[in-house]
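Student: Here is a sequence together with a model predicted from it:
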Amino acid sequence: MKSAQVDIRPTTYRTVDEYRCAVQRLGVSPSVRSVSIDSAVGRVLAEDIVADRALPAFDNSAVDGFAIRAADVADPGLLPVRSRVSARSVAGRQLSTIEVLPGQCVQIMTGSVVPCGADLVIPVERTSGFVESFGSDEVTIFSLDSKSNIRTRASDFEVGDVAVRAGTVVTPAQVGVLAALGRTHVRVESSLTVALLSTGSEIRGVGTELVNGECHDSNAAMIVADLTRCGADVHLEPAVADDVDACRAALTRCADAADVIVTTGGISAGTEEVVRLALAGQEVEFVSVAVRPGKPQACGRFEETPIVCLPGNPVSALISYELFVRPVVVAALRNPQAERTMRTVRAEGETPPASAIPRVMLGVVDGDDATIIRSHSVGALARANCLIVIPPSDGGLGPLGEYPALLLDSVASTRRGTCI
């Protein structure tokens, strides 16, 4: 690894909420692409669909029947009324203008252009029935409908109306609207792609043989498992050793492949922190956050791509991921069912150690009770089903021993992400 002089002092000291807001301000969002409307169902629109034409484009009949002047049947007391059928209007291209004169009507089919002069369509069921000879045959109108049975021009959309809003998850019915407006393609958000990079010369992929001093990459495995469960796609970059050039090359590949980059390891106060060194000159801020574990954090942009850098210890990585990364991923995916549940639990077990800053402890929740797990080992991860937030204290329990707990209980997304 190439050594370099680097200022390891944090540039700021943040509360959890302040740092969470900094990550949110990165604006993590899925990329946008154009798809055909028959591939748009279930995708999130990235644009307002604005009508460039009136819909319907012309007055048309809502029923099969006879188009007539309302004045000719204005007095229901004079029914039945006989009317001469002057012409027929059927759905499709209207080659010539048809006009309804007083005392006449036009035989009309559903969806057909309403003739000039007509302002009412009588359903065929309220008449003596269709005729065959136009200009000579008559129809008897027995009763009236309470409606005009005319779909007027622009009754759905005027030119310039927003038909479907950006951010809408497209349904088959909305595909019908898009087609009616003449749209063949729409811009949609792709599924969020997260690039994940673990660092450290001691890290080896799961399934490989280890030698003394090496360990398997548990960070990538657990974070990928949750990201895909939330519905994100994951670009999993092979773990890199403590080599600045190799790390920077891996980050470049991540930036090319993803909407946001997440790294683990290489950001603490040592002099050989590979991620910190590889990000020199980038718009990335290394900070110290008031929480234990997970104090060292970093976020910003690498080659214009949002990046969030987590500690390398597995428990610290998990807690940091839950506090800072997962919320922005779930928000970007518009997947509220994947949001974690936060509630108050009664803590049991050993009294948490005194700390001047908040602590996040692994725990086991059972009903309204929870047991705090004092260990920050990998083994503790196997038992934990919640994260318990302990406020700053002198070591004593809070009021009634009650603490907020983040339950690791999300429901899987209807769309499972992929890992490549």
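Tutor: Now that the structure is in, tell me what you want to look at.

Student: Can you pull the domain assignment for the protein?
Tutor: In the assignment given by automatic domain parsing, the structural domains of the chain cover 13-31+191-338, 33-55+156-189, 60-151, 341-407.

Student: right, and those domains - which one's nearest Thr418?
Tutor: Nearest of these to Thr418, taken as C-beta to C-beta: domain 13-31+191-338 at 5.1 Å. Placement of C-beta: from N, CA and C, glycine included.

Student: Distance across the closest one, terminal residue to terminal residue?
Tutor: End-to-end distance for domain 13-31+191-338, by C-alpha to C-alpha, to the nearest Å: 30 Å.

Student: which of the domains of the chain is buried the deepest?
Tutor: Burial among the domains of the chain, expressed as mean neighbours by mean count of other C-beta atoms under 10 Å, is greatest for domain 13-31+191-338, which shows a mean of 19.

Student: So what's the gap between that domain and the chain middle?
Tutor: In terms of C-alpha atoms, centre = their mean, to the nearest Å, the centre of domain 13-31+191-338 is set 21 Å apart from its chain centre.

Student: Look at the residue nearest to Ser136 when sequence neighbours are not counted and give its secondary structure.
Tutor: Nearest-residue entry for Ser136: Arg84, 7.8 Å, with adjacent residues in sequence omitted and distances by C-beta to C-beta, 6 or more residues apart in numbering. For Arg84, the reduced secondary structure class is strand; criterion used: DSSP: H, G, I helix; E, B strand; the rest coil.

Student: Please name the bridge partners of Arg359.
Tutor: When bridges are called by DSSP bridges, Arg359 pairs up with Arg292, Ile390.

Student: That one contacts Ile390, doesn't it?
Tutor: Yes. Under the contact definition of C-beta atoms under 8 Å, Arg359 touches Ile390, with a separation of 4.3 Å.

Student: what is in contact with the two at once?
Tutor: Contact criterion C-beta atoms under 8 Å, 6 or more residues apart in numbering; residues bridging Arg359 and Ile390 by contacting each: Pro352.

Student: Please tell me how far the residue nearest to Ser112 when sequence neighbours are not counted sits from Val114.
Tutor: Beyond its immediate neighbours in the sequence, the residue positioned closest to Ser112 (C-beta to C-beta, 6+ apart) is Ser89, lying 4.2 Å away. With the distance defined as C-beta to C-beta, to the nearest Å, Ser89 ends up 8 Å from Val114.

Student: overlap in contacts of these two?
Tutor: Shared contacts of Ser89 and Val114, counting by C-beta under 8 Å, 6+ apart, come down to 61, 67, 108.

Student: ok now do the last one, which residues does it touch?
Tutor: To tie it back to what came earlier, the one meant is Ile108. Counting by C-beta under 8 Å, 6+ apart, Ile108 touches 61, 64-67, 88-90, 114-115, 121.

Student: One more pass at 7 Å, please.
Tutor: Applying C-beta atoms under 7 Å, 6 or more residues apart in numbering, we find Ile108 in contact with 61, 65-67, 89, 121.

Student: Check it and give its pLDDT.
Tutor: Per-residue confidence (pLDDT) for Ile108: 96.

Student: who's it bridged to?
Tutor: On the basis of DSSP bridges, Ile108 takes part in beta bridges with Gly65, Ser89.

Student: ranges for the strands of the stretch 51-200 of the chain?
Tutor: Remark: strands of the stretch 51-200 of the chain, listed N- to C-terminal, are 60-61, 65-68, 81-89, 104-108, 120-123, 138-141, 150-151, 162-164, 185-189, 193-199; assignment by DSSP state E, counting those that start in this stretch.

Student: Would you give the sheet partners of the last one, along with the direction of each?
Tutor: The strands beside strand 193-199 in its sheet (DSSP bridges) come out as strand 233-240 (parallel), strand 260-264 (parallel).

Student: can you list contacts of it?
Tutor: Under the criterion C-beta under 7 Å, 6+ apart, residues 217, 219-220, 223-224, 227, 232-237, 239-240, 247, 250-251, 254, 257-266, 274-275, 329 lie in contact with strand 193-199.
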